[in-house]
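**Q** Turn this into a structure:
(one chain, ligands or ions: 1)
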Amino acid sequence: MSMPNKSYLTTKSFDRLPEELAVTNAHLIDKVEKLDAVKTVIIKNGQIDGIHDQLPDGYKGEQLNGDGCVLMPGWFDMHVHLREPGREDEETLQTGSFAAANGGFTGVACMPNTQPAIDSQEVINYILERTENNLVDVHPVAAITCGRQGEQLAPIAEMAEAGAVAISDDGSPLMNAELMRRALEYSKMFELPILGHEEDANLSKNRHMHEGFYSTKLGIAGIPAISEEVFIARDIMLTAYTGGRFHVCHISTKDGVDLVRQAKAKGLPVTCEVTPHHFTLTDKVVESYDTNTKMSPPLRSDEDRQALLEGLKDGTIDVIATDHAPHSIEEKEAEYIYAPFGITGLETAVGLIISQLVEQDVLGVQDLYNKCVANPRKILKLAIPKIARGETANLTLFNPGVTWKFKDIRSFSKSQNTPFKEFPLKGKPVAVINKGQIFISPDLKK
Ligand SMILES: [Zn+2]
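**A** This next block holds a predicted model:
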């Protein structure tokens, strides 16, 4: 197809949608609209104009070939670090948005561990203004405490009013239970979820990988699973006590999943997410001493990984989120124990989800509607886009049959700290559409 320009090459702006675009013969999946069939969708002036069994006779607009592809409402990643303001050398709102689009996402929620932290109305406004005309919807998450220092509550009411979708001190745990209690009370008042980074820093301090067989073998101080679990237990209890809403970020342990399962069985408003790296890799890969295997929480044992797959299957785990955490090469080239925690994730998510979950029969491709489209937006109280006539076209198109490697594609993130460069992936984003704009993955454009 011929698209209006090649602005993706400069990453200055997204392409405008042509006046009329047909996405032909794609497998449409939208649980709310009860769509699960191969159809052709026509988009006119940014809105869905019709859904057809095939391209209508006499159609004269542009076409995007959806043969063999899946078309869903736009995917949403509720856990990314975009580093702006403060570390624009690692990522910016703009490059992070392009990485999101290239990874198949039309919306993200960005975490507050920026410099300055997202702890005031000014920083919320800054992010919203800078991303206003972006294809990718960028929703800021407000810090719980000023400067994420864990000492004094940030102006949560003010930030909720400015457009924060959740509150979190992610990147660090909130050690003070009395402050977590207050935050949960705000959560109730403003109907904002708390996104909890669950880690007892006293149990994890100066530790660098999962505590277990491999930490002993490698002689690296290990972070015990219990450091995550005691905080999940604490925060579930505080949630029950306050009536707030709690979401566990990047859950990684077997007993952690069990705690969430029990909380749900009691009817508590507790949800959780898992990252693609935690359901794909285990602490064994740390044997490579590759600092791109270092993240918080750390890669756990295979028993933990199996429990994450089980949690995804039985619905205990609501959401798949990447925890996209760009770091500069200089920082990551340090010795293992000195390297920062975190890896990039936006551009490898679809490939890992299809190859590790769908291909392995953990989830059906239809289940990705809940984990990647609907649940993250439900948790953040955002409208869920629909594939229906008259709706704004907010869509993700991916090809579940394509095999590829990250090292062979053009990446839009400013940082490349991923352990998946050589990892065989199946399933590749093709295009995303939102707000009258389109992004076509350059690798598939040829
Ligand atoms: Zn975190």
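
**Q** Quick check: residues of the chain near the ion?
**A** For the chain, the residues in contact with the ion (Cβ under 5 Å from the ion) are 170, 197, 249. In short, each C-beta sits where N, CA and C put it, glycine included.

**Q** Check those against Thr40 and report the nearest one.
**A** When these are ranked by distance to Thr40 (Cβ to Cβ), Cys249 comes first, at 38.7 Å.

**Q** ok, that closest one - contacts?
**A** Cys249 sits next to 79, 168, 170, 195-198, 272-273, 321, 323 when contact means Cβ atoms under 8 Å, 6 or more residues apart in numbering.

**Q** Count the residues that sit near the residue in the chain positioned nearest to the ion.
**A** Using Cβ to the ion, the closest approach of the chain to the ion is made by His197 at 3.8 Å. For His197, the neighbour count with other Cβ atoms under 10 Å is 23.

**Q** Identify the residue spatially nearest to it, adjacent ones excluded.
**A** Leaving aside its sequence neighbours, His197 sits nearest to Asp170 (Cβ to Cβ, 6 or more residues apart in numbering; 4.5 Å).

**Q** swap in Asp258?
**A** Ala307 (7.7 Å).

**Q** Surely that neighbour and Val257 touch.
**A** Yes. Taking Cβ atoms under 8 Å as the definition, Ala307 is a contact partner of Val257 at 5.0 Å.

**Q** Contacts for stretch 180-193, please.
**A** 142, 144, 153, 156-157, 160, 164-167, 174, 194, 234-235, 238-239, 241-247, 271, 379-381.

**Q** Give me the buried stretch members for that stretch, please.
**A** 180, 182-187, 190, 192-193 (16 or more other Cβ atoms under 10 Å).

**Q** Next: stretch 362-370.
**A** 362-363, 365, 367-370.

**Q** partner residues bridging Ala431?
**A** When bridges are called by DSSP bridges, Ala431 pairs up with Leu397, Ile440.

**Q** Was I right to think it contacts Ser441?
**A** Yes. With contact defined as Cβ under 8 Å, Ala431 and Ser441 form a contacting pair (6.5 Å).

**Q** circling back: so which of the contacts of stretch 180-193 belong to helices?
**A** 156-157, 160, 234-235, 238-239, 241-242, 379 (DSSP state H).

**Q** Now list the buried members of these.
**A** With burial judged by 16+ other Cβ under 10 Å, the buried subset of the ones in helices among the contacts of stretch 180-193 is 156, 160, 235, 238-239, 242, 379.

**Q** So for Ile387, what's the nearest residue that isn't a sequence neighbour?
**A** Sequence neighbours aside, Asp30 is the residue nearest to Ile387 in space, at 4.4 Å (criterion: Cβ to Cβ, 6+ apart).

**Q** ok, now which ones touch Asp137?
**A** Shown in contact with Asp137 (Cβ under 8 Å, 6+ apart): 106-108, 131, 434-435.

**Q** show me the contacts for Trp271.
**A** Quick fix: residue 271 is Thr, not Trp. 193, 246-248, 260, 318-319, 375, 379.

**Q** Could you list the low-pLDDT ranges of the protein?
**A** 1-12, 444-446 (pLDDT under 70).

**Q** From Val402, how far out is Ala431?
**A** As judged by Cβ to Cβ, to the nearest Å, Ala431 and Val402 stand 13 Å apart.

**Q** Comparing the two, which residue is more hemmed in?
**A** Ala431 (25 against 19).

**Q** quick one on the thing from earlier: and the two most separated of the contacts of Thr271?
**A** Longest span within the contacts of Thr271, Cβ to Cβ: Phe246 and Asn375, 14.7 Å.

**Q** ok, the two, which is more surrounded?
**A** For Phe246 versus Asn375, the count of surrounding residues by other Cβ under 10 Å is larger for Phe246: 27 against 22.

**Q** about what we covered before: the residue nearest to Ile387 against Asn394, yeah?
**A** No. Contact criterion Cβ under 8 Å: Asp30 and Asn394 do not qualify, at 11.1 Å.

**Q** domain parsing for this protein?
**A** The chain breaks down into these domains under automatic domain parsing: 15-71+387-440, 74-379.

**Q** okay, those, which one's buried deepest?
**A** Counting by mean count of other Cβ atoms under 10 Å, domain 74-379 has the highest mean neighbour count of those, with a mean of 21.

**Q** roughly how far out does that domain sit from the chain middle?
**A** Mean-position distance between domain 74-379 and its chain equals 8 Å (Cα atoms, centre = their mean, to the nearest Å).

**Q** Quick check: Asp200 vs Ala325, distance?
**A** Distance from Asp200 to Ala325, by Cβ to Cβ: 21 Å.

**Q** Then Pro276?
**A** 13 Å.

**Q** what sits in contact with each of the two?
**A** With Cβ under 8 Å, 6+ apart, Pro276 and Ala325 have common neighbours Gly345.

**Q** so the spatially closest residue to Met78 that is not a sequence neighbour is in which element?
**A** Distances taken as Cβ to Cβ, 6+ apart put Pro376 closest to Met78, at 4.0 Å, once the chain neighbours are dropped. Assessed by DSSP states H and E, Pro376 sits inside helix 375-379.

**Q** Now do the SS call for Lys426.
**A** Look at Lys426: counting by DSSP: H, G, I helix; E, B strand; the rest coil, its state is strand.

**Q** thought it was touching Phe398?
**A** No. Between Lys426 and Phe398 there is no contact under Cβ under 8 Å: 10.8 Å.
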